[in-house]
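Asks: sequence and predicted model, in that order:
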Amino acid sequence: MMKSHIEIGKQGENLAAAYLTLRGYRILQRNIRTQAGEIDIIARDGETIVFVEVKANQRVHEAFAPSIRVDHRKIARLQRAAELWLETEREQGVELSGRIDVIEVCEGKVVEHFEDVAS
């Protein structure tokens, strides 16, 4: 039986969080909603806050890799959502810098980690 896109997405986010944790990132928050949109994972990589968009497919051979679905409009929304989150933290006296990453998950495993996609 095929999984729903919600189940695939949740599994992808869980795999991405585990992947990041194994690489020394500290997961701060998940599934955060801002006025600009949702952020799948917020993690810390050293002194950098990483805003992670997770894209998942059930099969690798689907027509488009999950990461292709992150176009310039999606990146702009992620940047705005990240800025809103950072503004809240700055109001509390914490000065932070951030970047946006995309993690692609296919067939139950992380297949690609694109760092700093907004630069």
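Replies: It's in.
Asks: quick check: mean pLDDT of stretch 38-58?
Replies: For stretch 38-58, the mean pLDDT works out to 93.
Asks: pull out the buried residues from it.
Replies: By neighbour count with 16 or more other C-beta atoms under 10 Å, stretch 38-58 contains the buried residues 39-45, 49-58. Yep, even glycine has a C-beta here, placed from its N, CA and C like the rest.
Asks: and for stretch 20-29?
Replies: 20, 25, 27.
Asks: what helix or strand is the first one located in?
Replies: Right, the one you point to is Leu20. In this assignment (DSSP states H and E), Leu20 forms part of helix 5-22.
Asks: how about the last one?
Replies: Under the assignment given by DSSP H and E, the secondary-structure element containing Ile27 is strand 26-34.
Asks: elements contacting that strand?
Replies: Strand 26-34 sits against helix 5-22, strand 37-45, helix 72-91, with contacts defined as 3 or more C-beta pairs under 8 Å, 6 or more residues apart in numbering; DSSP states H and E.
Asks: so what strands line up beside it?
Replies: strand 37-45 (antiparallel) (DSSP bridges).
Asks: report the angle between the axes of the strand it pairs with and helix 5-22?
Replies: 20 degrees (axes from the mean of the first three to the mean of the last three C-alpha atoms, to 10 degrees).
Asks: neighbouring contacts of strand 37-45?
Replies: 13, 16-17, 20, 24-32, 49-54, 77-78, 80-82, 85 (C-beta atoms under 8 Å, 6 or more residues apart in numbering).
Asks: one more time with 6 Å
Replies: Residues lying outside strand 37-45 but in contact with it, judged by C-beta atoms under 6 Å, 6 or more residues apart in numbering, are 13, 17, 20, 25-30, 32, 50-54, 77, 81.
Asks: got the angle between the helix or strand just after that strand and strand 26-34?
Replies: Of the helices and strands lying after strand 37-45 in sequence (DSSP H and E), the nearest is strand 48-57. Put simply, strand 48-57 runs at 70 degrees to strand 26-34, going by the same axes, to 10 degrees.
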